[in-house]
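[1] Sequence first, then the predicted structure, then my questions.
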Amino acid sequence: MRKKTTLSFLVFFTAAFTLLFAQNITVSGTVTDASSVPLPGVNIQVKGTTNGTSTDFDGNYTISAAQGDVLIFSFLGYTTAELTVNGASLNVTLEESTSELDEVVITAFGIKRETRELGYSVTQVKAEDLDLTGQNDAITALQGRVAGVQISQTSGSSGGGIDILIRGVTSVNPNRNNQPLIIVDGLALNNDTFSGGDILPSSGSNSPSSAEQFSFSNRAADINPDDIESFNILKGAAATALYGVRASNGAIIITTKKGKDGKAKVNFSVSTTFRDIVKTHDLQSTYREGWRGLPRTLYTPETETGFTRLGGTSFYSWGPKYTDDSATLDDGRVIDLTGDKFHDPYDLFKTGVNTQVNFNISGANDKIDYFFSIGNSSEEGVLPNTDYDKTTLRFKGGYKVTDNFNINTSIAYTNAGGNRANGGDKSVFSSLTYWSGTFPINDYQNADGSQRNYSFGIIDNPRYFLEKSPLQDDVNRWVGNITLNWAPKDWINVSYAAQIDNYSDKRNRFIPPDLDTGTQVGGFIANQNINFLALESNLLVALTKDWSEDFSTTLTLGNQISDSKRDYSWIRGETLNVPGINDLANTINPFAGNSITQLRNVGVFGELKMDYKNKLFLTVTGRNDWVSTLPKENRSFFYPSVSLAYDVHDLFDKDSEIFTFGKLRASWAEVGKGPLFGQVGHYFVADGDFPFGGAGGFRASTALGDTDMIPEKNRSTEIGADLRFFNNRVRLDYAYYKTRIKNQIFTVGTAYSTGLSGIHRNAGDFETFGHELLISADIIKTEDFKWETILNWSTNEGKVISLPDDIEALVFANSGFAGVTSEIRDGDKMGTLYGWKWLYIDGQRYIGDDGKPRVDFEARQKVGNAFPDFIASIGNVLSYKNFNFNFLLEWKKGGDLYTSGIRNSIRNGILKSTEFRDVTTVLNGVMDDGNGGFVTNTQEVLIDQDYYRSSTRYNRASEVIVQDASWVKLRNIGLNYNFKGKILEKLRMDNMSISVSAHNILLWTPFEGFDPEGNQYSAGSNVYGFTGLSTPITENYSFGIKLGF
Amino acid sequence: MMKNIITKITIIVLLIVGITACSDDYFDVNTPSGTAQPEQLRMNDLLAPVIHSTMEAQRSAELTFGNYAQNFVSQGGVAAGESSVSGLWSQVYLYILPNIKVIKEKAAEEGAPHFAAVADILTAINLGIATDTWDNIPYSQAALGEENLFPAFDSQESIYNEVFSLLDSAIAALQGTDDSGITMGREDLIYGGDTDQWLRAAYTLKARYQLHLVNKGITSANDVLTSIASGFTSNDDDFQMFYDDKNINPWYSIEILARNTGNFHHDIASQMVSSMNGDYFPFESGIVEIDPRLPRFAENDGTTEWKGFVSGGGGLAPDGSDGNTFFAEGGYYTSIDSPLLLISYAEAMFIKAEAAFLANGGNTTSTGSNSTAYMAYLEGVSASMGKYGVDGSDYMADTSVDIGEAGLMLNHIMKEKYIHNFLNPETFVDHRRYDFSDDVFKGLTIREEEDSEGDFAGEWFRRANYPSSEEIRNGATVDANRQLPTAPVWWDQ
């Protein structure tokens, strides 16, 4: 008791004495930015003391200081100001920092940090620097912008998904995607590309899975690109450590626009984009339809079916030349061929048109801020009868309840969908790989509405397919969230956010009875209903403490709950009553099913950030996750991270203008990952062919999941440097990372003789590493003329360190008879393609006694790799007065592709390469010398259809069907004109600009076929290296106008 | 006041977070909907899919073998090339054997020998067709799941021993009593739970497999005769499964529906048509124009002439004109509710006739046999006519058919068996047993090569390749067993 009194007295006395001695006064004032908007949370410190405070929500502060003391005002993103106390009032205007040194980036959970403090790399891209015109999916605009991030359009289909890989593939599970977490305004936005639920009839269709048939949208496409303010890309495990499991493939953090102080602002923009498929296969236009030099079908449009058959299978293009006027058949008939000509099958494609209209209104005062937008993007696809339409509404508002408590809320609605063309086998595109140019592809319908088809059913007419049988999807999505922010003291901040993300996706597929896919069941209609609901809750408490002038800490503690549920149900009606009516009531045999996928994840986490002398930053994090997809005993797991940033600039000449900033960083992090839903254990399932004959039936699932499964562990280390020169005009950022993924969980494909098709389990040890380099320079920086160049270069390589002895290979995709697979074996690099090769003798191709090479069927060999050696890009932004000109060149070096369908095109003789025929030649290689040795081949051989059609001599050799898909692309080029000055005043406008731009033009590639960026599979499929059977990627030309009031 | 509200909100939030995070079964949401554990299921729940798969397995094999055996050609007269018959492999190893294993375990637990016997018969059927397709196949190490990921293959010889032992134990069990009270009902898609019929099926199958080994000298024709004596007694015993308007017959869908809509389908091969239209066996009575069964299988373009497609002949009939014979709409096997037939009473009679013919000292070119052979031959033809619902009296009276005991040749028996076993993969076995001899199969010539890949031209296919899934995932084993698709299987050597 006595002690306490003594202490109190001592404190009082000391305080009084100090007060007396320093003659402190109370200084107060307001801190604002250049446009007089109050800045809350600005740090104020009396120089040379630990005495400090910060501004309240209205930018006001009070601090006790002596006359002549210097106050330091510091705030993220603003230049620090030092002012001397001279009187009781001190108002300060902080300048926005122009140097990117103090750039503020948003890290996990919306925590704002200066780039200099970070021990890992984060890339920020402002939406205003991107050309979003005509993009359906805003993320597409990031292509080539961020080192280490590979963004690919999977197809040129309207609304087609985009695939995002940050630092390559980490989970090698072929059924699992490696897509990053998408966060919008602090909360996760579901970005699934749901292509599950195959839309196939009960019998007869050899069509591939839906992932291959339709380029479904990835759901991040539901955001209106026009609503986006900025992107932050968190690449490594250290960056995403706080987000845990779901961000183990990195995260893209999107911040949407927000109302800014002042009067209501209205923005309005319109744009039109034209899309064209320019890059296609080279086709031969010399030889007509036929077999062994003779025609089998004549084009007679005036007849009932459009064709006159001469006999035999009509399918191939091994007929006479178009220049031949007649042909004599084996039976002596002389056929007049004077009317023949080549009709380009790619006349199927048309110019797609996208029109976008966006409107938003926003504003703020000292209590509230608001932003409301409405946007529409509607697109006619490059294929007939395909389209995509998206309408979005977004409201975002903030309300400052008290000085230390505010509420932010947003609600977004999206309606999206359209008609999609199908791809894969038995599709528009597989048919196109066979189609003979002798017949115009657009003459597709007979007078009675039935299919006009020269092959009489072997393939479908692609145009007919498109016109009669698109897949429609219709998505309605609501995302609503609320964030509460409470800062009861200047050292504590509590925030809580909750979100509901809900969408329904209704799909309809109609297959008339005369299309291959539907013929066996008399046509069918499939209606699918996907209902998705995700709830998310984040609680975050941040505690800041300045221990001394040199040392401060921030401790953040949090809890996150996420619960998502997808309820998928389908009804398929088979056997149409009336062939043309798309209504389930028009079908005779109904089939139905339902599946529910539910994932729950709870995490608690903490982050301790230490800051020493504002140049050494150490951050330690830890997170524990509970994941519903793991077996009960292994459900909970913990993982830490450490990162360090050190400003080394001081070690050198501080005032040097050459070396103006230098930071070294290093981090180490671990993150865990569970399996997919329902992969643990073994179940019996209702057999799909039942009920049958009044009986029901169950059977064992052909897949089994190990019940001892433990989480995958990714361990990453990253080192990097951020160096700036010449007053920061030249900036260099480098990172090297290495991630080791142990206990990979995947479905190990098993030989069917085991009774299982696969086992889900931990297997394999995998490593991925890469370099990322970003160099940017302000080459010219004057008032009127600015020229900035940004260069990105990155590599990524994944390598299988070991697979268990009982796994020979992991197969991602298998082309079947052609023999090409995307698979990895022990020691292989991720993305390896295997296939057959020609037989070689000491590096020389072996030529058999028939004068032809031999496909070596001894063993399938490595024939390529789907992933590039590196990706580089160079972007340039030039602005001169009112003009702004930019372009971005992207270079993908290496990366091989198997073109599905190319073998068909060869066998049917439609490719340009098969134009070389009916020629006797000597092929390169060696032949037997008759004495057990080999000599240069001298045997003549007739190159005819048998050569191309032989799968043992020619068309299964990877040399023919796997190609180098390196490319250089002019990703975009654009010119903007911003009206300024008087004209705006006259029109009473804030801003007005017009722009013209082009995307994806000028492609240089050795690859023969469609644009090699396309993927045969839907976004997020984790299958790379297969292409050719989806809507080709387009060139785009856009025109836009923006108006602001 | 505001502070109070904030405090309250905070407390509520913390409560919600706390409650949800703490409850343990909160995470128990990982069971896929619509699934069951084996202990929830009865044997009856598992039986029907196994039977269904067994029948579908036969059909998927026939898609290739029916082309090899020249029942049909691919549209345009195309002959099938080498094949891995992967559909059969998937059915047998993924859908049949693992589920039979569970049935057998349950039958043992519950003391239900008749159920176990049916499971054994189904196993024997599937092993039989699998080994006849690929020669060495996995069995003793198959369907063990995680326990053995690289099953070694068993030799065909040991598989045959297993087939016989399974059939023998099924026969023994079915001849005994079953006190379990567990019976089969609708889920027995073949016999509706009639165990006597299963017993006769076991004998008939045993005879079929014994016959496969007669030429190899492993079994004797008399062994076959012994088994067949306890086999099927009438067409009512036929081992078949019927489809309906909803679960539509697969031949109907891929042949009739496909063709009606201008899609890929098969057409009837000339070997089939020429065996039935008098080309190979000219009708002598003057009354009979064609085998009355032909219109039950096929239809033509309405002309009187029936011209099948030459295998690999580019769409032509043997006389060089276009083929005109197609699958019959509404045909016995090609109606919406047609059955798939695995083995029949008529086949049993042809098995008996062939065995008796051989037991009597007959060979591929000899003429004349005993009355057992001849009576069985006639009974087979008669049963076949009954089966296909046609009046065969004129046909059977024709002296090209009613050739008498002294005139009977192996090719008469095999012609009738060939016709009767239309769309039955057993014919491919018969062809191989007699080396595709045109003494035994009159008129049989090797496929021509138009429109095919042209590999193995001039050689008969005698087996299937192992499927690529097995090749990739059980590579070493496949390497050790792989042979050319033209290499004979063990019993064919």
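    Done, it's in. None of these values were measured; they are calculated from a predicted model.
[2] shaky segments in the stretch 701-850 of chain A?
    A:805-806 (pLDDT under 70).
[3] Show me which residues of it sit near chain B.
    For the stretch 701-850 of chain A, the residues in contact with chain B (CB under 8 Å from any CB of the partner chain) are A:701-702, A:704, A:706, A:749-757, A:759, A:806, A:808-809, A:811, A:814, A:816, A:821, A:823. Every C-beta, even on glycine, is put in place using the N, C-alpha and C of the backbone.
[4] And the buried ones among those, selectable in PyMOL?
    Restricted to buried positions by 16 or more other CB atoms under 10 Å in any protein chain shown, the PyMOL selection for these reads:
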select buried, chain A and resi 701+702+704+706+749+750+751+752+753+754+755+756+757+759+808+809+811+814+821+823
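[5] Among the residues of the stretch 701-850 of chain A next to chain B, which lie within helices?
    If you go by DSSP state H, those have nothing in helices.
[6] And the residue nearest the centre of the chain?
    Since you didn't name a chain, this refers to chain A. A:I164 (2.5 Å; CA atoms, centre = their mean).
[7] wait, I meant chain B there
    Nearest residue to the geometric centre of chain B (CA atoms, centre = their mean): B:Q58, 2.8 Å.
[8] what sits against the one residue in the stretch 351-493 of chain B that gets nearest to chain A?
    Of all residues in the stretch 351-493 of chain B, B:N474 sits closest to chain A, at 3.5 Å by CB to the nearest CB. Counting by CB atoms under 8 Å, 6 or more residues apart in numbering or on different chains, B:N474 touches A:A751, A:S753, B:L149, B:F150, B:P151.
[9] mind putting these in TSV, distance to A:G720 included?
    Rendered in TSV, the data for the contacts of B:N474 read as follows (distance: CB to CB, whole Å):
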residue	distance to A:G720
A:A751	45
A:S753	50
B:L149	43
B:F150	45
B:P151	50
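[10] between those residues, which is closest to B:G87?
    Within the contacts of B:N474, the smallest distance to B:G87 is 15.0 Å, found for A:S753 (CB to CB).
[11] The closest one reaches B:E470, doesn't it?
    Yes - using CB atoms under 8 Å, A:S753 is in contact with B:E470, at 6.3 Å.
[12] low-scoring stretches of chain B, by residue?
    Using pLDDT under 70, chain B drops low at B:1-24, B:261-263, B:451-454.
[13] the longest helix in it is where?
    helix B:43-68.
[14] ok so, going back, tell me the one among the contacts of B:N474 nearest to B:V92.
    A:S753 (9.0 Å).
[15] Now name the helix or strand holding A:K506.
    Element membership for A:K506 (DSSP states H and E) is strand A:492-511.
[16] Let's test this: mean pLDDT of that strand, rounded?
    Mean pLDDT, strand A:492-511: 94.
[17] swap in stretch A:530-544?
    94.
[18] Is any residue of that stretch near chain B?
    Yes - using CB under 8 Å from any CB, stretch A:530-544 comes into contact with chain B via A:S537, A:L539.
[19] again, but for stretch A:893-906
    No - applying CB under 8 Å from any CB, one finds stretch A:893-906 separated from chain B by no less than 11.5 Å.
[20] Flag every buried residue along that stretch.
    Quick answer for stretch A:893-906 (16+ other CB under 10 Å): A:894-906.
[21] Repeat that for stretch A:53-63.
    Buried, per 16+ other CB under 10 Å, within stretch A:53-63: A:T53, A:S54, A:T55, A:D56, A:F57, A:G59, A:Y61, A:I63.
[22] That stretch: end-to-end distance?
    End-to-end span of stretch A:53-63 (CA to CA, to the nearest Å): 7 Å.
[23] per-residue confidence averaged over it?
    When pLDDT is averaged over stretch A:53-63, the result is 83.
[24] same question, stretch A:225-234
    Rounded mean pLDDT across stretch A:225-234 is 90.
[25] circling back: surely the residue nearest to the centre of chain B and B:I343 touch.
    No - taking contacts as CB under 8 Å, B:Q58 lies outside contact range of B:I343: 9.6 Å.
[26] shared neighbours of those two, anything?
    Residues touching both B:Q58 and B:I343 (CB under 8 Å, 6+ apart) are B:N424.
[27] For the residue lying closest to A:R333 once chain neighbours are set aside, grab phi and psi.
    With CB to CB, 6 or more residues apart in numbering or on different chains as the criterion, A:R333 has its nearest non-adjacent residue at 7.6 Å, and that residue is A:L310. A:L310 adopts backbone torsions of phi -100, psi -10, taken as degrees, to the nearest 10.
[28] Return the residues in contact with A:L310.
    By CB under 8 Å, 6+ apart, A:L310 lies in contact with A:L294, A:P295, A:R296, A:T297, A:L298, A:L329, A:R333, A:I335.
[29] can you check A:T392 too?
    A:T392 touches A:D222, A:I223, A:N224, A:D227, A:S373, A:I374, A:G375, A:N376, A:A412, A:Y413, A:T414, A:N415, counting by CB under 8 Å, 6+ apart.
[30] Give me the pLDDT for it.
    pLDDT, A:T392: 96.
[31] Verify the assumption that it is located in a helix.
    No - A:T392 is assigned strand when assessed by DSSP: H, G, I helix; E, B strand; the rest coil, not a helix.
[32] Please name the bridge partners of it.
    For A:T392, the beta-bridge partners are A:G375, A:T414 (DSSP bridges).
[33] just checking, A:N446 touches A:G306?
    Yes - when contacts are counted by CB under 8 Å, A:N446 is listed as touching A:G306 (6.5 Å).
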